[in-house]
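J.: Need a 3D model of the following:
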Amino acid sequence: MSTPFLIIASLLIPVMYLIVFGSAMGGTLTHIPVGVVQEGPPYIDTPLFTNGAYQLNHISQGSDNDAQKLLDVTVYTDEAVAKQDLANGKIAGVVVFPSSVSNDNAVRVYVDSSDSVMPPVIIGAVEGFLQGIGAQTTVVVDKIYGDITYIQFFGVGVIVMAIFTSTSFGGGIALIKDRENGIHEGYLVTPVKRTSIILGIISSGTVRAFIAGTVIFWIDLLITGITLQSFQDFLLVLLVILIVSIGVTSFVVSFASRFSSQQEYGPVIAFFNLILFMTSGAFYPVIGMPGWLRWITVINPEYYGIHALRSIVLRNQGLNVIGMDLIALMIFSTLMIIIGIVTFRRTLE
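T.: Below is the predicted model of the structure:
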């Protein structure tokens, strides 16, 4: 009873697990971005292409009262441009309808196979449309990144999990233990500034997190069987792990700077670990989450880290794709460092 905060947190966290985990996993996929293009040349719209583009864009998902579009269809006039947008992650699939002079008269579906959830939905929508109109057209599926298993999809997220777990101990708890031992308060009579204390804790926590993330990355490669395409990819992975480590450590330390005991800090950091990891897309595509959870990804550093790592490890993409992820992580890190310095206080009790 002397720590009511701990009692409340112990009851609140299981309820939040139920709400967040239950909502983040297995939600209804809606508004999946898909490109539709007519095979060419000649680029002359056939009735199948015109009807297909319209029907695919008007498939409803959900109950009648709360139905939403399953696919957000973008019509392309050039197959190469559509495939380039797919490779850059702007869309999740490309449906190529046969032209009037097609050799095999097949509908070709190109999907981003690094995501194990959305491709079956896209393929099912195309096959359902063709069955609905009674077409005997063959559907040919091309997984542009090959066969990627769920363990490979999820394995990338474990790297970020290792970073958060390591830094919650190496950064946050280290700061609180120093405070409990009176180390920071002793600095009140020395010229050491709080800026130096926070930056020092963040630096040491980042080193621990970077080592943990790198070790788990190698273990992930061994267990899942993923192979990197080049040494440049390896360097990019290390860069992403470093920037994610800085961002997550800065976030953890900025919160830890407001707590004076590990009993109070533990439940709070466990709660944020749940929220950030569940909304990062590690388990399930963010597009399948309800709107009230999806907006959290905008400020979630783990989301940008996992997206960047998947782009490199599973899709062999470079800075042109992950550049915005890195910028978002650096902005987040800067804000968290400033918040940690401003909110940190040293008091003699």
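
J.: Low-confidence regions, the stretch 1-150 of the chain specifically.
T.: Along the stretch 1-150 of the chain, the parts satisfying pLDDT under 70 run over 1-6, 9, 23-27, 42-43, 61-67, 101-103.

J.: repeat that with 90
T.: Along the stretch 1-150 of the chain, segments meeting pLDDT under 90 span 1-31, 39-49, 58-70, 77-79, 87-89, 98-106, 113-118, 132-138, 145-150.

J.: Show the residue spans covered by the helices in it.
T.: For the stretch 1-150 of the chain, the helices defined by DSSP state H, counting those that start in this stretch occupy 4-16, 22-24, 47-56, 79-87, 118-132, 150-167.

J.: Can you tell me which of those helices is packed in deepest?
T.: Sort the helices of the stretch 1-150 of the chain by mean neighbour count, taking mean count of other CB atoms under 10 Å, and helix 150-167 sits at the top with a mean of 22. No exception for glycine: its C-beta is placed from N, CA and C like everyone else's.

J.: Give me the helices and strands touching it, please.
T.: The contact analysis (3 or more CB pairs under 8 Å, 6 or more residues apart in numbering; DSSP states H and E) places helix 150-167 against helix 194-224, helix 231-256, helix 262-278, helix 301-313.

J.: what's the most buried one of those helices?
T.: Stretch with highest mean neighbour count among those: helix 301-313 (a mean of 26; mean count of other CB under 10 Å).

J.: can you list the helices and strands packed on helix 150-167 in JSON lines and add distance to residue 99?
T.: Output for these, formatted as JSON lines (distance: least, CB to CB, whole Å):
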{"stretch": "helix 194-224", "distance to residue 99": "40"}
{"stretch": "helix 231-256", "distance to residue 99": "37"}
{"stretch": "helix 262-278", "distance to residue 99": "45"}
{"stretch": "helix 301-313", "distance to residue 99": "33"}
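
J.: Can you tell me which of these has the worst average pLDDT?
T.: Lowest mean pLDDT of these: helix 262-278, a mean of 79.

J.: CA-only coordinates of that one in PDB, if you can.
T.: The C-alpha trace of helix 262-278 is given here as PDB (Å, rounded to 0.1, in the frame of the first residue of the first chain):
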ATOM      1  CA  GLN A 262      13.000   1.400 -10.000                       C
ATOM      2  CA  GLN A 263       9.600   0.300  -8.700                       C
ATOM      3  CA  GLU A 264       7.900   3.300 -10.500                       C
ATOM      4  CA  TYR A 265      10.100   3.100 -13.600                       C
ATOM      5  CA  GLY A 266       9.600  -0.600 -14.300                       C
ATOM      6  CA  PRO A 267       5.800  -0.600 -15.000                       C
ATOM      7  CA  VAL A 268       6.000   2.600 -17.000                       C
ATOM      8  CA  ILE A 269       8.800   1.300 -19.300                       C
ATOM      9  CA  ALA A 270       7.000  -2.100 -19.600                       C
ATOM     10  CA  PHE A 271       3.900  -0.200 -20.800                       C
ATOM     11  CA  PHE A 272       5.800   1.800 -23.400                       C
ATOM     12  CA  ASN A 273       7.600  -1.300 -24.500                       C
ATOM     13  CA  LEU A 274       4.200  -2.900 -25.200                       C
ATOM     14  CA  ILE A 275       2.800   0.100 -27.000                       C
ATOM     15  CA  LEU A 276       5.900   0.700 -29.200                       C
ATOM     16  CA  PHE A 277       6.500  -2.900 -30.200                       C
ATOM     17  CA  MET A 278       2.900  -3.800 -30.900                       C
END
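
J.: buried set for the next helix or strand after that helix?
T.: Using DSSP states H and E, the helix or strand that follows helix 262-278 in sequence is helix 291-294. Of the residues in helix 291-294, residue 293 count as buried by neighbour count, 16 or more other CB atoms under 10 Å.

J.: Residue 170 and residue 204, how far apart?
T.: With distances taken as CB to CB, to the nearest Å, residue 170 is found 7 Å from residue 204.
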